[in-house]
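Novice: sequence plus predicted model, see below.
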Amino acid sequence: MVVFRYKLWIRLLFLFLLLILLAVMILVGSVVAQIALVFSVPSVMPLLILVVLVSLVLLLGAVFNAYTVLFFWTYRLEFGESVLRMQASYHPFLPPFRCAYDDVVRVRRGVVRGLLEIVPREGKPLRVGVRAFGGRDRLVGELSKRLDAARIEADLETSLWKYTWFDRFNIAVLILFILSQVVYWYLSIGHDFVLASVAWKSAWGRALATSVEAFSLDSDDTVWIMTETGLGNDCRVQHVTNSGTRTWDVPDGMGRLPGCGVPIGLARDDAGRPVVVYEDQLLHWDGEAWQHEIFAPVENGLRVNSGWVASRGIRLWGTAETANGSGSVLFGLDLSSGEFRVVPPPASAVNDGLAMSYRFRQSVDGSLLVLMTGGSQVRLYLLRDGEWLEPGCTVFTPSPARVSSFAVDSAGRIWLLLDAEPGKYDLGRFDPETATWDWSEFESGQDFYRDYESIEVDERGRVWLSGSAYRRRGANVGIFEGLVLDVFELTADGQAHQLVCYTPDNSNYQGGHSMSFSGVRLGGGGRLWAADDRLVWLDTTARELPSPLPDWILPLTGTEARLILLLGTLVAMGMYAGVYALACRAGRSRDRSADVRGVLWKSS
């Protein structure tokens, strides 16, 4: 009896892979045990979930590999005295094969290269990969000893390794399948990593299921951020500097205080210790632990306006509603001394019957630009070093609600963006030396319109407008399409010319939808900051702005493209199965049929 088994190196390879998987499972299990002992489970819940999922995948892989090892170790082809037999234990879909040599009708090349088919008189043919069972010459030699030449395909040794049209077709299909999977997984996962290096630079990278809940710029142009892990409510306050990042962990349950929602601001005291601002209280690190403090405006009967708190260093500014609901006030809080004061409005605003609104913006040098309204009149005042700069700049508009945003640039000029109607905007620039406004009009297109939330102006006079894009559905209806950052440049004739549009889909721009303030902020050195899944910045002092990905590539990166690619792969697999069936039928019905009929006639 001659026995053929899988080559030893194939069996040892799968056994080695099984041992590696088992070792990795033991390592992962020990890591889980250490995490559970050292940390509290809720604080590391995302990591634990990931580790458990990985462990389950490794366990399934180990079980499958163990089954594969048993199958390969027991699979054998036996040439007996009068019977050809194949046995394979632990394989429910591969029943044993047993056929007397007299009942073998044909030995031929299979439908693919290197596959040998032994066709019995009854039952399904036995297919054997000659490379895994000792090679072509040994198998064909043993069959030639036991079968007459009429039942063995002519020139079988050569045809087994000869490439046919179907072999070339298989190679092409395999290459296309690999390419499609590479493209699919790139669109699913890799595209995000590519975007992380387009146009905007990352100052703080993305962690597992983590987003930036709040961020603020310090007086020394460093950045404070508060991050939160969505799966485990795990919060951290981080101080991002050029030399590194310092982190303070917020205990469970303190990151989102009951009834306070998300944090609305970040600041620091004179010792460089972080302060997290909520609507009615502060979370202050005293050097050893986090302490709750009642927010000074609340102690004075005010209700802080969410989203309208700003700080640079130890000075915190914000607007709040009065207890009787009569209007808004501007307040300042020194986090070093605890001094709190309500800033009275300018005398000219009081005389003209203007009321303080809840809206203000903080400039790079720490000055505040405050909006005051009265009837159809809108006036902007600049508060610098605690003193109002009079007079303010006045604009008459049908409704104060038309004011989208405002800012002051490094030259002291005030900028105002008015939303005339969806898709049409008025951009005003006030020159304090001439006390005049220069206006520019622009539109965002017929099919789309923008809802801008913030405006910044760099030292080159370029205007950065951040907001949301909507697709028109009727006169006053829009479908949200995504977050945008449009950059405009004023031409010599006063027209607003769009230079570039950044979105989270064509660059590393972070729109900030997870925060109470979803705009961009201009810091020292000309850096423009934005945050969401990552904290990113862009150098606005450059003459040429970095380009985003081209528009034509965006439809290829969406969910629709991945779905089409996945469905196309499934259809292609179905078509391949049909081609394979046709190839098998063609192989069985080619000109060997005469030989087969002759063998059957002789055996009968």
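Specialist: All right, it came through fine.

Novice: give me the below-cutoff pLDDT ranges for the stretch 1-150 of the chain.
Specialist: For the stretch 1-150 of the chain, the stretches flagged by pLDDT under 70 are 6-11, 14-15, 18, 25-26, 28-51, 65, 72, 88-94, 134.

Novice: could you rerun that using 90?
Specialist: Applying pLDDT under 90 to the stretch 1-150 of the chain flags the ranges 1-99, 101-150.

Novice: from what I can see Ser507 touches Leu195, true?
Specialist: Yes - counting by CB atoms under 8 Å, Leu195 is a contact partner of Ser507 at 6.5 Å. From N, CA and C alone the C-beta is placed, and that goes for glycine too.

Novice: which neighbours do the two share?
Specialist: Jointly contacting Ser507 and Leu195 under the rule CB atoms under 8 Å, 6 or more residues apart in numbering are Leu549.

Novice: what is the least confident helix or strand in the protein?
Specialist: helix 593-603 (a mean of 40; mean pLDDT, DSSP states H and E).

Novice: can you pull the contacts of Leu302?
Specialist: Ala320, Glu321, Thr322, Ala323, Val329, Phe331, Val342.

Novice: can you do 10 Å?
Specialist: Contacts for Leu302 (CB atoms under 10 Å, 6 or more residues apart in numbering) come out as 280, 295-296, 318-323, 328-329, 331, 340, 342.

Novice: repeat for Val520
Specialist: Neighbours of Val520 in contact, by CB under 10 Å, 6+ apart: 453-456, 464-466, 485, 502, 509-512, 528-531, 536-538, 540.

Novice: looking at this protein, which strand is longest?
Specialist: Looking across the chain with DSSP state E, the single longest strand is strand 478-490.

Novice: any idea how far Lys201 is from Pro546?
Specialist: 9 Å (CB to CB, to the nearest Å).

Novice: who touches both of those two?
Specialist: Counting by CB under 10 Å, 6+ apart, the residues touching both Pro546 and Lys201 are Asn508, Leu538, Asp539.

Novice: which element is the first one on?
Specialist: If I follow you right, that is Asn508. Using DSSP states H and E, Asn508 sits within no helix or strand.

Novice: correct me, but it touches Leu485?
Specialist: No - in this structure, Asn508 is not within contact of Leu485 by CB atoms under 10 Å, at 11.3 Å.

Novice: joint contacts of these two?
Specialist: With CB under 10 Å, 6+ apart, Asn508 and Leu485 have common neighbours Ala199, Trp200, Tyr502, Ala530, Leu538, Pro548.

Novice: please, where are all the strands along the stretch 1-150 of the chain?
Specialist: 2-5, 76-79, 83-87, 97-100, 104-109, 115-120, 126-129 (DSSP state E, counting those that start in this stretch).

Novice: and the longest strand of the chain, which residues are buried?
Specialist: Gly478, Leu483, Val484, Leu485, Asp486, Val487, Phe488, Leu490 (16 or more other CB atoms under 10 Å).

Novice: give me the phi and psi for the closest residue to Asn300 other than its chain neighbours.
Specialist: Among residues not flanking Asn300 along the chain, Phe340 sits closest, at 6.9 Å (CB to CB, 6 or more residues apart in numbering). Dihedral angles of Phe340 (phi, psi; degrees, to the nearest 10) stand at phi -120, psi 140.

Novice: show me where this protein has helices.
Specialist: Chain-ordered helices for the chain, with DSSP state H as the definition, fall at 8-38, 45-74, 136-146, 156-159, 165-185, 191-195, 296-299, 347-351, 559-589, 593-603.

Novice: who are the contact partners of the residue nearest to Trp204 when sequence neighbours are not counted?
Specialist: In this structure, Trp204 finds its nearest non-sequential neighbour in Leu535, 3.9 Å apart by CB to CB, 6+ apart. By CB under 10 Å, 6+ apart, Leu535 lies in contact with 200-206, 212, 215, 223, 225, 227, 238, 240, 245, 510, 529.

Novice: what's the ChimeraX syntax to select whichever of these are buried?
Specialist: Applying 16+ other CB under 10 Å to the contacts of Leu535 leaves a buried subset, and the ChimeraX line that selects it is:
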select :200,203,204,206,212,215,223,225,227,238,240,510,529
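
Novice: re the thing from before, which among the shared contacts of Pro546 and Lys201 gets closest to Asp419?
Specialist: Nearest to Asp419 out of the shared contacts of Pro546 and Lys201 is Leu538 (CB to CB; 25.0 Å).

Novice: how many neighbouring residues does the closest one have?
Specialist: Other residues near Leu538 come to 24 when the count uses other CB atoms under 10 Å.

Novice: start to end distance for stretch 109-127?
Specialist: The first and last residues of stretch 109-127 sit 9 Å apart, counting by CA to CA, to the nearest Å.

Novice: and stretch 336-349, by the same measure?
Specialist: The first-to-last residue distance of stretch 336-349 comes to 31 Å (CA to CA).

Novice: what comes up buried for that stretch?
Specialist: Quick answer for stretch 336-349 (16+ other CB under 10 Å): Phe340, Val343, Pro345, Pro346, Ser348, Ala349.

Novice: chain center to stretch 305-323: distance?
Specialist: A distance of 32 Å separates the centroid of the chain from that of stretch 305-323, by CA atoms, centre = their mean, to the nearest Å.

Novice: go on, stretch 271-288?
Specialist: That offset, for stretch 271-288, works out to 31 Å (CA atoms, centre = their mean).

Novice: flag every buried residue along that stretch.
Specialist: For stretch 271-288, by 16+ other CB under 10 Å, it's Pro274, Val275, Val276, Val277, Tyr278, Glu279, Gln281, Leu282, Leu283, His284, Trp285.

Novice: and the residues you listed, which is closest to Asp431?
Specialist: Val277 (34.9 Å).

Novice: beta partners of that closest one?
Specialist: Gly265, Leu282 (DSSP bridges).

Novice: isn't Thr503 up against Arg450?
Specialist: No - with contact defined as CB under 10 Å, Thr503 does not reach Arg450; the gap is 11.6 Å.

Novice: which residues do the two both contact?
Specialist: Ala469, Val484, Asp486.

Novice: which ones are touching the second one?
Specialist: Spelled out, that is Val484. Going by CB under 10 Å, 6+ apart, the list of residues near Val484 reads 444, 448, 450-452, 465-469, 501-506, 509, 511.

Novice: ok, what's across the strand from it?
Specialist: Residues in beta-bridge contact with Val484 (DSSP bridges): Gly467.

Novice: which residues of the stretch 151-300 of the chain fall in strands?
Specialist: Using DSSP E, counting those that start in this stretch, strands in the stretch 151-300 of the chain cover 201-204, 210-217, 223-229, 234-241, 244-250, 265-268, 274-277, 281-285, 290-294.

Novice: so the third one versus strand 210-217, what angle?
Specialist: Read it as strand 223-229. Interaxial angle, strand 223-229 versus strand 210-217 (axes from the mean of the first three to the mean of the last three CA atoms, to 10 degrees): 160 degrees.

Novice: please apply the same query to the fourth one.
Specialist: For strand 234-241 against strand 210-217, the angle by the same axes, to 10 degrees is 40 degrees.

Novice: do the fifth one as well
Specialist: With the same axes, to 10 degrees defining the directions, strand 244-250 sits at 110 degrees from strand 210-217.

Novice: strand partners of strand 244-250, parallel vs antiparallel please.
Specialist: strand 234-241 (antiparallel).

Novice: tilt between the partner strand and helix 45-74?
Specialist: Going by the same axes, to 10 degrees, strand 234-241 makes 100 degrees with helix 45-74.

Novice: give me the mean pLDDT for strand 234-241.
Specialist: Computed over strand 234-241, the mean pLDDT rounds to 85.

Novice: flag every buried residue along it.
Specialist: Buried, per 16+ other CB under 10 Å, within strand 234-241: Asp234, Cys235, Arg236, Val237, Gln238, His239, Val240.

Novice: since that was my last question, I'll sign off now.
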